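Q: Coordinates only, no sequence provided:
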DNA sequence: TCTGTCTGCCCC
DNA sequence: ATTCTGC
DNA sequence: GCAGAATGGGCAGACAGA
């Protein structure tokens, strides 16, 4: 059976109705009556669909006239392509819904929200439709048809869960909904469940295949909702730069779940410790609860299945809640949703709120699946098709382009809309979805490197450069000739945090005749202009985040520019670092203490690098960034996301390093794959003079699976009911406390003043102790007793020796 | 108005 | 942020 | 080597409740 163009689709849909009815009757006798009903209603719909082409063509023309903005956008796209040759999804989809999509997001939300509301309040509409006698087929009026479109999601029998794994899966036939009907959220959940089952070789490919099938169904049946579906899969409700926080964390979720299933929060916690994940807790609560409450509910009325639209809108409402009682409002939405959801649906709703799908597939996999879906539709390839060499290559190109666009221009909505338009011609995607001032580009990241030798090997036969790695906040600074926007590493708009930088740029660049606009990549660092020294990261972090006033800034910053990715309407993404660096130096003038080029040297000499590394640490940096200059040095976040290397002092295996010997005195139960074990431990140093243990950090990384389990077992007979009287803590809550029993060797990057830990508290200022930044386990030490652990005074000495702290002491300005 | 708790595709 | 693991 | 999933410290901001 063919698919992939609209003609084929409608051709299919004619055949489909009979086949579907038959197969369902045959396959599942239990549901015979239901299936029959389903099949019949099906028939209605298919007939409708058949009629649609004529009708909706005119509708389409009409609304295209109405909808100027979108029409324009589309024209841009289509203008540059030859409409005839490339069958685009736009021409494929005859649905008037697609045009409806033009409404802006807010409007759309409002309307669909109210739709969902009315539908959940009473299932009258769907009942009506379900109970409609079949002889009314032909009489279906315009209005009830509309209603069917909006609400009727029930008709298609949904007991085809395994179809997603079926070799002969058909994205149209095997989706649990019909053309133009609401996408059922359960369909996505089924997909997640199947994805989660995959392991072993080829599992990634199968995961991608499964999700691509779902995306194909949605693209073909209800293209409006591809965006929502994809966004759900990557756990977002809006692009990153439109900061849309959910405001729901573990505590609220636990409360909501307990409220929903009539258990105490303590019971929920127990359940969480047993199951390892709140999603599972919710789904288990649902399925056990079913026996009692749901039974009667079912008798009373068949609940309409939950749609993707409703799910997504609920999530948006949760994020939108603010002000007084917003927490209660969020809770209310969650509880209501959970009450109506099936176990799987509740599970994934909760997991979305936890921002973790836990199915072994995350954004990269989802994106590959989306690419595959669009590719197969554009190229008319069936699911599970074994690709030819050439098809493989084409898919790779497809995927590469999509990845690249999503990195340069992470406006998911527009990328998906554009994909619908361009069909096969993937090269057109980058014409539209390209780096744009005002839209953050995903930043290049660096990979930790253990030694200079490793760097030399990695970059042999290439020229490379070393830069200081400043300890500050990443800042991607956009200037469009008028406004300045600053984005964080995670593409969050942080402009409000830096009015001083905004002012500086406006002031200096407006005078420049050579710079019209730009995007530059930098590290923003707390800086003391008087002493010309870098200040600790911790001080930078005390800056306000929103609505910072110029005259209230007490922590001054310096911008250290290290890359330029766009200048004067021209993208530099494809140029070499050498060229980009040259451009920076041409275009920008340094202003000491405010706006500087990142310190760098170009050398391949080990000793010089070593020296440079030490110098960087001495002035308060974290270490070095090492980057190729010519070969393979373009700014391409898409190709390899960790093309740069970072070299920090604490990475180095050589030398004694600054490791600490610490004693685990408490632990926290693990979640996810660490369920049943301890996920993290509380560590303390030993104060010989005072004969007490002083806390310094928790630790949860550096354990191999084996060691993690061994540690759990080791501590089973070391558990004590209360913290010992010689444990100095600040009202610290832990799941279990231990006798001091063992010493662990711990590495960290920095020591810093801590509001919660007590290490060296009597030597600091009696209120705040010292904490360890980036702690990780190196090894278990059998040769030391707990009382031999590192002492607080030793730790305090190291703390004082740290460059940035010393800088501050020099200044006589004891910040804390 | 003050204080404590929770949250963050937080920032690192 | 760091680290480990499966592929 | 990548992608995913465990986990760290500590800050401001938002909100709930006293």
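A: Good, I have the coordinates. Small disclaimer: the values here were computed from a predicted structure and weren't measured. Residues are numbered from 1 along each chain as shown, chains lettered A, B, ... in the order given.
Q: does residue A:746 sit in a helix, a strand or a coil?
A: strand (DSSP: H, G, I helix; E, B strand; the rest coil).
Q: and the nearest residue to residue A:684 once chain neighbours are set aside, what are its bridge partners?
A: Leaving aside its chain neighbours, residue A:684 sits nearest to residue A:693 (3.9 Å; criterion: Cβ to Cβ, 6 or more residues apart in numbering). For the C-beta atoms, the positions are set from N, CA and C on the backbone; glycine is no exception. Counting by DSSP bridges, residue A:693 forms beta bridges with residue A:686, residue A:727.
Q: pretty sure residue A:693 contacts residue A:727?
A: Yes: between residue A:693 and residue A:727 there is a contact under Cβ atoms under 8 Å: 5.1 Å.
Q: quick one on the thing from earlier: residues contacting the residue nearest to residue A:684?
A: A:663, A:665, A:684-687, A:724, A:726-728, A:740, A:786, A:789 (Cβ atoms under 8 Å, 6 or more residues apart in numbering).
Q: tell me, what's touching residue A:693 and residue A:727 both at once?
A: By Cβ under 8 Å, 6+ apart, the residues touching both residue A:693 and residue A:727 are A:665, A:684.
Q: Now for residue A:479: which residues touch it?
A: By Cβ under 8 Å, 6+ apart, the residues touching residue A:479 are A:437, A:485, A:505, A:509, A:515, A:517, A:518, A:519.
Q: List, one by one, the residues from the stretch 1-150 of chain A near DNA strand D.
A: On the criterion Cβ under 7 Å from any atom of the strand, DNA strand D has no neighbours in the stretch 1-150 of chain A.
Q: How about the stretch 301-450 of chain A?
A: Counting by Cβ under 7 Å from any atom of the strand, the residues of the stretch 301-450 of chain A close to DNA strand D are A:322-328, A:356-366, A:447.
Q: Report the buried members of those.
A: A:357, A:358, A:359, A:361, A:365, A:366 (16 or more other Cβ atoms under 10 Å).
Q: Can you list the residue ranges for strands in the stretch 651-800 of chain A?
A: Ranges of strands within the stretch 651-800 of chain A are A:659-669, A:678-687, A:692-699, A:719-720, A:727-728, A:736-738, A:743-747, A:750-754, A:769-773, A:776-781, based on DSSP state E, counting those that start in this stretch.
Q: DNA strand B is nearest to which of those strands?
A: The minimum distance between DNA strand B and the strands of the stretch 651-800 of chain A falls on strand A:769-773, with 6.9 Å, by Cβ to the nearest atom of the strand.
Q: For that closest one, name the packing helices and strands.
A: strand A:692-699, strand A:750-754, helix A:792-801 (3 or more Cβ pairs under 8 Å, 6 or more residues apart in numbering; DSSP states H and E).
Q: highest average neighbour count across these?
A: strand A:692-699 (a mean of 24; mean count of other Cβ atoms under 10 Å).
Q: ok, and does that one reach over to DNA strand C?
A: No: on the criterion Cβ under 7 Å from any atom of the strand, strand A:692-699 is out of touch with DNA strand C, staying 10.0 Å away.
Q: and that strand, does that touch DNA strand B?
A: No: using Cβ under 7 Å from any atom of the strand, strand A:692-699 never reaches DNA strand B; the gap is at least 12.4 Å.
Q: average pLDDT for that strand?
A: Strand A:692-699 carries an average pLDDT of 98.
Q: right, is it up against DNA strand D?
A: Yes: Strand A:692-699 is in contact with DNA strand D by Cβ under 7 Å from any atom of the strand, via A:697, A:698, A:699.
Q: if I pick the last one, what's in contact with it?
A: What that stands for is residue A:699. With contact taken as Cβ under 8 Å, 6+ apart, residue A:699 is in contact with A:664, A:680, A:681, A:683, A:744, A:746, A:775, A:776, A:777.
Q: what do you get for residue A:722?
A: Per Cβ under 8 Å, 6+ apart, neighbours of residue A:722: residue A:737.
Q: Quick one, grab the pLDDT at whichever residue of chain A sits closest to DNA strand B.
A: Among the residues of chain A, residue A:249 lies closest to DNA strand B, at 2.2 Å counting by Cβ to the nearest atom of the strand. Looking at residue A:249, its pLDDT reads 97.
Q: what about it, neighbour count?
A: 11 (other Cβ atoms under 10 Å).
Q: Quick check on the residue lying closest to residue A:596 once chain neighbours are set aside: phi, psi?
A: Using Cβ to Cβ, 6+ apart and skipping the chain neighbours, the partner closest in space to residue A:596 is residue A:590 (5.0 Å). Phi and psi for residue A:590, reported as degrees, to the nearest 10, are phi -70, psi 150.
Q: domain ranges for chain A?
A: In the domain annotation for chain A, the residue ranges read A:166-235+A:362-432, A:250-354, A:447-651, A:660-807 (the TED database).
Q: now the first one, how far from the centre of its chain.
A: To tie it back to what came earlier, the one meant is domain A:166-235+A:362-432. 18 Å (Cα atoms, centre = their mean, to the nearest Å).
Q: before we move on, what about stretch A:618-635?
A: Using Cα atoms, centre = their mean, the offset of stretch A:618-635 from its chain centre is 26 Å.
Q: Ok, stretch A:616-632 next?
A: 28 Å.
Q: That stretch close to DNA strand C?
A: No: applying Cβ under 7 Å from any atom of the strand, one finds stretch A:616-632 out of contact with DNA strand C, separated by at least 8.0 Å.
Q: Pull up the residues of chain A that are close to DNA strand C.
A: A:199-204, A:448, A:474, A:489, A:648, A:651, A:701-706, A:747, A:749, A:774, A:776.
Q: Write the ChimeraX selection for whichever of those residues are buried.
A: Buried residues within the residues of chain A next to DNA strand C, by 16+ other Cβ under 10 Å, are selected in ChimeraX with:
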select /A:474,648,651,702,703,747,749
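Q: ok so, going back, next one: the residue of chain A closest to DNA strand B from residue A:312, what distance?
A: According to Cβ to Cβ, to the nearest Å, residue A:249 stands 20 Å off from residue A:312.
Q: how about the contacts of residue A:699, which pair is most distant?
A: When Cβ to Cβ is used, the two most widely separated members of these are A:664 and A:776, lying 13.7 Å apart.
Q: on contacts alone, who are the packing partners of the helix or strand hosting residue A:397?
A: In this assignment (DSSP states H and E), residue A:397 forms part of helix A:389-408. Contacts defined by 3+ Cβ pairs under 8 Å, 6+ apart place helix A:389-408 against helix A:363-378, helix A:412-422, helix A:429-432.
Q: Include mean pLDDT when you put these into CSV, please.
A: Listed next are the helices and strands packed on helix A:389-408 as CSV, based on pLDDT from 0 to 100:
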stretch, mean pLDDT
helix A:363-378, 98
helix A:412-422, 97
helix A:429-432, 96
